[in-house]
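> sequence? don't have it. structure:
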């Protein structure tokens, strides 16, 4: 048997009649059945800021550049953000990096301390210093800083190549 339902028109929320279910209806706090997230982020949450996708091109790059430069055999200074005032301002050499933690040899105290990388800053090299490239395509290469031209360094990379690299990509190596 065929029934013409065209006379009912378009359904509207006012015309909705709920149908009981054997399980009942248990709304979730967010309105969606989701698995709890340690970051409080759900891909279904409109307007939520994802830690993985910057909302503005280039945003979040400060975080990346401030974390990715840590490597071994470079001289660093302990920033004022470190909680131990006795270590603030000391220079040392990174001996190892694991996660965000750096093992730093402090010659002034003749000991190694573990410090979060965010509390360290690289020592800017001078002409004639041995340097290590800490960012960019040449990362991990080392050489000698021949000269500084504005904000770029002329570096004789070990193996005879001479490169112009941004000074912020270079760090003084241990002497």
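Arrived safely. Since we're looking at a predicted model, the values are computed, not measured.
> could you pull out the helices for the chain?
61-67 (DSSP state H).
> lowest-confidence helix or strand of it?
Here the helix or strand of the chain ranked lowest by mean pLDDT, DSSP states H and E is helix 61-67, holding a mean of 41.
> how about the nearest residue to residue 163, chain neighbours excluded?
residue 155 (5.2 Å; C-beta to C-beta, 6 or more residues apart in numbering). All C-beta spots, glycine's among them, are computed from the backbone N, C-alpha and C.
> which residues does that neighbour form a beta bridge with?
residue 145, residue 163 (DSSP bridges).
> state the distance from it to residue 129.
Distance, residue 155 to residue 129, by C-beta to C-beta, to the nearest Å: 10 Å.
> any shared contact partners between those two?
144, 145 (C-beta atoms under 8 Å, 6 or more residues apart in numbering).
> flag the shaky bits of the chain, pLDDT-wise.
Low-confidence regions of the chain, defined by pLDDT under 70, span residues 1-67.
> run through the strands of it in chain order.
75-78, 91-98, 101-106, 111-116, 120-122, 130-133, 142-149, 152-157, 162-166, 170-172 (DSSP state E).
> reformat those as JSON lines; add mean neighbour count.
Shown next, in JSON lines, are these (neighbours: other C-beta atoms under 10 Å):
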{"stretch": "strand 75-78", "mean neighbour count": "20"}
{"stretch": "strand 91-98", "mean neighbour count": "16"}
{"stretch": "strand 101-106", "mean neighbour count": "18"}
{"stretch": "strand 111-116", "mean neighbour count": "14"}
{"stretch": "strand 120-122", "mean neighbour count": "20"}
{"stretch": "strand 130-133", "mean neighbour count": "23"}
{"stretch": "strand 142-149", "mean neighbour count": "16"}
{"stretch": "strand 152-157", "mean neighbour count": "19"}
{"stretch": "strand 162-166", "mean neighbour count": "14"}
{"stretch": "strand 170-172", "mean neighbour count": "25"}
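> adding distance to residue 85 as columns, could you present those in TSV?
Converted to TSV, those look like this (distance: least, C-beta to C-beta, whole Å):
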stretch	distance to residue 85
strand 75-78	10
strand 91-98	16
strand 101-106	14
strand 111-116	14
strand 120-122	16
strand 130-133	29
strand 142-149	32
strand 152-157	33
strand 162-166	33
strand 170-172	24
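> out of those, which is closest to residue 69?
Proximity to residue 69, assessed across the strands of the chain by C-beta to C-beta, is greatest for strand 120-122 (6.3 Å).
> ok, back up a step: nearest to residue 68, of the strands of the chain?
With C-beta to C-beta as the yardstick, what comes closest out of the strands of the chain is strand 91-98 (10.5 Å).
> give me the sheet partners of the closest one and which way each runs.
Strand 91-98 is paired, per DSSP bridges, with strand 75-78 (antiparallel), strand 101-106 (antiparallel).
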